[in-house]
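Peer 1: Got a predicted structure plus its sequence, pasted below:
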Protein chains: 2
Amino acid sequence: MSDFNDLPAHVWPRNAARQEDGVVTVAGVPLAEIADEYGTPVMVIDEDDFRSRCRDMAAAYGGGHNVHYASKSMLTRTIARWVDEEGLSIDVASEFELGIALRADFPADRVTAHGNNKSDRFLQDCVEYGVGHVVVDHPAEIETLDMIARSREKIQRVMVRVKPGVEAHTNEMIATAHEDQKFGFSLAAGSAWEAARACIRAENLELVGLHCHIGSQIFDAEGFSLAAERVLELYARIHNELGVTLPELDLGGGYGIAYTADEQPLDVATVAHDLLTAVDKTAAELGIESPAVLVEPGRAISGPAGVTVYSVGAIKDTVIGDGPGDTRRYVSVDGGMSDNVRPALYGAAYDGRVVGRFLDGEATRTRIVGSHCESGDILINEIGLPDDVVAGDLFAMAGTGAYSYSMSSNYNAFPKIPVVVVRAGKVTPMLRRQTVEDFLALEA
Amino acid sequence: MSDFNDLPAHVWPRNAARQEDGVVTVAGVPLAEIADEYGTPVMVIDEDDFRSRCRDMAAAYGGGHNVHYASKSMLTRTIARWVDEEGLSIDVASEFELGIALRADFPADRVTAHGNNKSDRFLQDCVEYGVGHVVVDHPAEIETLDMIARSREKIQRVMVRVKPGVEAHTNEMIATAHEDQKFGFSLAAGSAWEAARACIRAENLELVGLHCHIGSQIFDAEGFSLAAERVLELYARIHNELGVTLPELDLGGGYGIAYTADEQPLDVATVAHDLLTAVDKTAAELGIESPAVLVEPGRAISGPAGVTVYSVGAIKDTVIGDGPGDTRRYVSVDGGMSDNVRPALYGAAYDGRVVGRFLDGEATRTRIVGSHCESGDILINEIGLPDDVVAGDLFAMAGTGAYSYSMSSNYNAFPKIPVVVVRAGKVTPMLRRQTVEDFLALEA
């Protein structure tokens, strides 16, 4: 069994380390110092970790423009600037995400717009500001977008979102003709073909490719390759029947990360190599040109860069059964489902460590819970925390850079937590902590 | 089968009605008018519905002071004022909820403070402002609170939260000696007795009662009565061994409401009568005085008062199986898991209707989904929506007054939605819609 004081390198930020005095640093900054200055809970983002993962992805996929950072995982103007500086493209799924990216001077032509139900305003903004791709999702949207582009005398580049009939189910890829979800046009039922034809016919749209998405937390190329094969058949049909060669293929997101020590993160280079090889091979078999492959990682870029630092409060041992040792320790921290809803929402697992000092007690069956007035407010369902944890200890959770801040709420009127960036020994605030005044400012 | 245009009276606000032209009004205000003025999504709160439920509870439990509105279900200064004007008490579970209530001039002595991990700041504020009750939840908190009260030369009234060993499991009450959750002191393991003794011994605390909570969405008195019986045994022991008579018994929240037509709401008067009778009977059997019974409804007051009005966007029919008719219609609306996470988080069911006109199509297997970039973004998993629904229709969900705004997020950078109050034909804004500027204001 590994020492609880170790920080599994594949889970924690690349620049996380534990000092000789037991304090954990990220990019050379002790988390205890950040907790002192900004209070807890606080999220700390390792800028170099974030940027290095951008670069890994860009290298693996033949250039940053092929890699679309999913802004829904975490977006501020600072993050949009990092993504821009690393040369990546960016995905947005609302006029609001688009607005934040544009206010960071993100180049519109490297923006892709997503959504099953884009508002008219969103579509108008896309055309107005000249976003690089709009991924169309239903027939009425094709008409609306064409009309908007015509009224502005522009040609809007689009992709058609298709349901590839491949779904990620935990560790297994399921191939199916049906996909019972809200996104996209069906390959099997022929609506993807119809949508592609409609885009090609539309005077003010330019169809540049098809888009598919097979799920999240995927760890190998199998599912992506299977989806690519199915989608490329439609490329061949479009080529053969309509004489149109689609230059791009967007295989969506889903690149898995390790949230806990026993998970292994996706190997970006290997998956990319396998995937690109499969696409080339299939395209050759179909007698078509191999399209440029686009991918949309969010979690795999922002996730591992972030850690959330909490203070430990109430500690309680609870009898949970009749046998000897049928107890569970509840360790409360000063945040919870408001700053990270993923455990409650998805049953998501996380790694957590005491980061202000070494622990040397006995590993104890422990549940890390938040401070909300709800028994489902659990952050880590079970962890073998050493029994010498005490109130006031700093407890950090790794892998919180994606989908925690972006999905955070103000449940129990908890303010959104501050986010700081660390790099080369320096701390820069990115988001301040909310206050009750921020809530009251919304009151009419 | 009921006409889809009907509004089940036990689910919709008391002042909801459908006009002859098919438009639904609440308190005489057409929802279409509100949608026009405030945009969609928008939440509409029927003030008289909210207030009338306060009064029903107050009448059933011998006065408003015995009824503690759970602010976590929905809290603004306006709501705190309504609760105050109706004479109810209020529960808060953070210094932030307390701050909002106090800024509405809510009398501190009718505030009860809850939480498994109250911050020092929260406890200090409680003592400082003189909240009526602090419900203590773990041993260290008793010491801390006593110390804070001593330093300010005050006596703080407290209750001890106990685990009654009764849990609500859907429609069944489970009695158990164990409770594997974070709240309270165990009756069975003796820690509740120890906590009560500690509070009685503490010089600056005054123990006034015990508190228990058996779950949520409870529809009869059975579980409450069973919990009361168990807890009253500790009242008797405290009376007999320590000579202390505890004047109050807090049975927590959990009063169920009907979210869908086939559910029946809890009958407040009947449950109260059964419960108070059971408490009196048990107290008599134990030879102790019957304590005043306090209850903590949140959902049962704010829930039915609120409806959320969306605009219908993309409509898509999807093949989900091989048989004839194995299709599902996906109807997208312009909100989703950001403004109401309960369906995604708890699998919660809701009733929804088209509220801008009559529908007369054939009932069709339909899923109402939001606009977020996530396939789990479902608002109503299955509803038999008439097939003449079209884009632009107004679709409202009932029973959203509790735990939707208070748990709302900014996922996909969606702004929090506006909330308006309707009463006697008049609309008053309560919360304005957030904007991207509100997000940017948090950026450092």
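Peer 2: Looks like it arrived, so ask away.

Peer 1: only C-alpha atoms for contact and neighbour calcs from this point on.
Peer 2: Noted.

Peer 1: After the one helix or strand residue A:329 maps to, heading C-terminal, what element do we hit next?
Peer 2: Using DSSP states H and E, residue A:329 sits in strand A:327-333. Next helix or strand after strand A:327-333 toward the C-terminus (DSSP H and E): helix A:342-346.

Peer 1: Span of stretch A:334-342 from start to end?
Peer 2: 17 Å (C-alpha to C-alpha, to the nearest Å).

Peer 1: got the contact list for that stretch?
Peer 2: For stretch A:334-342, the surrounding residues in contact (C-alpha atoms under 8 Å, 6 or more residues apart in numbering or on different chains) are A:40-41, A:310-313, A:343-344, A:348, A:369-372, A:377-379, A:400, A:403-405, A:407-411, A:414, A:416-417, B:117, B:119, B:407.

Peer 1: One more pass at 6 Å, please.
Peer 2: A:310-311, A:348, A:370-371, A:377, A:404, A:408-411 (C-alpha atoms under 6 Å, 6 or more residues apart in numbering or on different chains).

Peer 1: before we move on, the earlier item: if you count contacts, what does the strand holding residue A:329 end up packed against?
Peer 2: strand A:306-319, strand A:363-369 (3 or more C-alpha pairs under 6 Å, 6 or more residues apart in numbering or on different chains; DSSP states H and E).

Peer 1: Single out the most deeply packed of those.
Peer 2: The highest average neighbour count among the helices and strands packed on strand A:327-333, using mean count of other C-alpha atoms under 10 Å in any protein chain shown, belongs to strand A:306-319 at a mean of 24.

Peer 1: If you count contacts, what does it end up packed against?
Peer 2: Identification of packing neighbours for strand A:306-319 by 3+ C-alpha pairs under 6 Å, 6+ apart yields strand A:42-46, strand A:327-333, strand A:394-398.

Peer 1: what number of residues lie near residue A:121?
Peer 2: When neighbours are defined as other C-alpha atoms under 10 Å in any protein chain shown, residue A:121 has 10 of them.

Peer 1: what about residue A:263, which SS state?
Peer 2: coil (DSSP: H, G, I helix; E, B strand; the rest coil).

Peer 1: number of nearby residues for it?
Peer 2: Neighbour count of residue A:263, defined by other C-alpha under 10 Å: 13.

Peer 1: Check residue A:285 too.
Peer 2: By other C-alpha under 10 Å, neighbour count at residue A:285 equals 9.

Peer 1: and what of residue A:326?
Peer 2: 11.

Peer 1: on that earlier part again, filter the contacts of stretch A:334-342 down to the ones in strands?
Peer 2: A:310-311 (DSSP state E).

Peer 1: For residue B:431, state which of the contacts of stretch A:334-342 is nearest.
Peer 2: Comparing the contacts of stretch A:334-342 against residue B:431 with C-alpha to C-alpha places residue A:410 closest, at 14.4 Å.

Peer 1: Please parse chain A into its domains.
Peer 2: As assigned by automatic domain parsing, chain A contains the domains A:16-46+A:304-440, A:47-302.

Peer 1: how about those domains, which one is nearest residue B:284?
Peer 2: domain A:16-46+A:304-440 (31.4 Å).

Peer 1: all helices of the stretch 101-250 of chain A, in order?
Peer 2: Counting by DSSP state H, counting those that start in this stretch, the stretch 101-250 of chain A has these helices, from start to end: A:120-129, A:139-151, A:191-201, A:222-242.

Peer 1: Next, format the domains of chain A as JSON lines and append mean pLDDT.
Peer 2: Formatted as JSON lines, the domains of chain A follow (pLDDT from 0 to 100):
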{"stretch": "domain A:16-46+A:304-440", "mean pLDDT": "97"}
{"stretch": "domain A:47-302", "mean pLDDT": "94"}
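
Peer 1: Can you tell me the strand partners of the strand holding residue A:329 and which way each runs?
Peer 2: Sheet pairing for strand A:327-333, assigned by DSSP bridges, gives strand A:306-319 (antiparallel), strand A:363-369 (parallel).

Peer 1: Give me the angle between that strand and strand A:394-398.
Peer 2: Angle, strand A:327-333 to strand A:394-398, by axes from the mean of the first three to the mean of the last three C-alpha atoms, to 10 degrees: 90 degrees.

Peer 1: I'd like to check what contacts strand A:327-333. Which residues are they?
Peer 2: With C-alpha under 6 Å, 6+ apart as the test, strand A:327-333 has contacts from A:310-320, A:365-370.

Peer 1: For chain A, what lies in contact range of chain B?
Peer 2: Contact residues, chain A versus chain B (C-alpha under 6 Å from any C-alpha of the partner chain): A:72, A:96-97, A:115, A:117, A:178, A:180, A:314, A:320, A:345, A:371, A:373, A:406-409, A:411-413, A:429-432, A:442-444.

Peer 1: Most proximal residue of the stretch 201-350 of chain A with respect to chain B?
Peer 2: residue A:345 (4.9 Å; C-alpha to the nearest C-alpha).

Peer 1: and that residue, what does it touch?
Peer 2: residue B:345.

Peer 1: Quick check: it vs residue B:126, distance?
Peer 2: Separation of residue A:345 from residue B:126 (C-alpha to C-alpha): 32 Å.

Peer 1: now do residue A:256
Peer 2: Residue A:256 sits at a distance of 45 Å from residue B:126 (criterion: C-alpha to C-alpha).

Peer 1: ok, those two, which is more surrounded?
Peer 2: Ranked by neighbour count (other C-alpha under 10 Å), residue A:256 and residue B:126 place residue B:126 first, with 26 against 23.

Peer 1: That one and residue A:109, how far apart?
Peer 2: From residue B:126 to residue A:109 the distance is 54 Å (C-alpha to C-alpha).

Peer 1: before we move on, back to that, let me have the domains of chain A in TSV, extended by distance to residue B:66.
Peer 2: Output for the domains of chain A, formatted as TSV (distance: least, C-alpha to C-alpha, whole Å):
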stretch	distance to residue B:66
domain A:16-46+A:304-440	20
domain A:47-302	44
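
Peer 1: closest one to residue B:63 among those?
Peer 2: domain A:16-46+A:304-440 (25.0 Å).

Peer 1: Now do the closest one: distance to the chain's middle.
Peer 2: Remark: domain A:16-46+A:304-440 is offset 19 Å from the chain centroid, using C-alpha atoms, centre = their mean, to the nearest Å.

Peer 1: okay, now residue A:420: neighbour count?
Peer 2: 21.

Peer 1: who are the neighbours in contact with residue A:148?
Peer 2: So residue A:148 contacts nothing (C-alpha under 6 Å, 6+ apart).

Peer 1: give me that answer again for 7 Å
Peer 2: Residue A:148 is in contact with residue A:124, counting by C-alpha atoms under 7 Å, 6 or more residues apart in numbering or on different chains.

Peer 1: distance of it from residue A:196?
Peer 2: 18 Å.

Peer 1: Also residue A:73?
Peer 2: 29 Å.

Peer 1: Return the member of the contacts of stretch A:334-342 nearest to residue A:267.
Peer 2: Nearest to residue A:267 among those, with distances taken as C-alpha to C-alpha, is residue A:348, at 20.9 Å.

Peer 1: Quick check: closest non-adjacent residue to that closest one.
Peer 2: residue A:342 (5.6 Å; C-alpha to C-alpha, 6 or more residues apart in numbering or on different chains).
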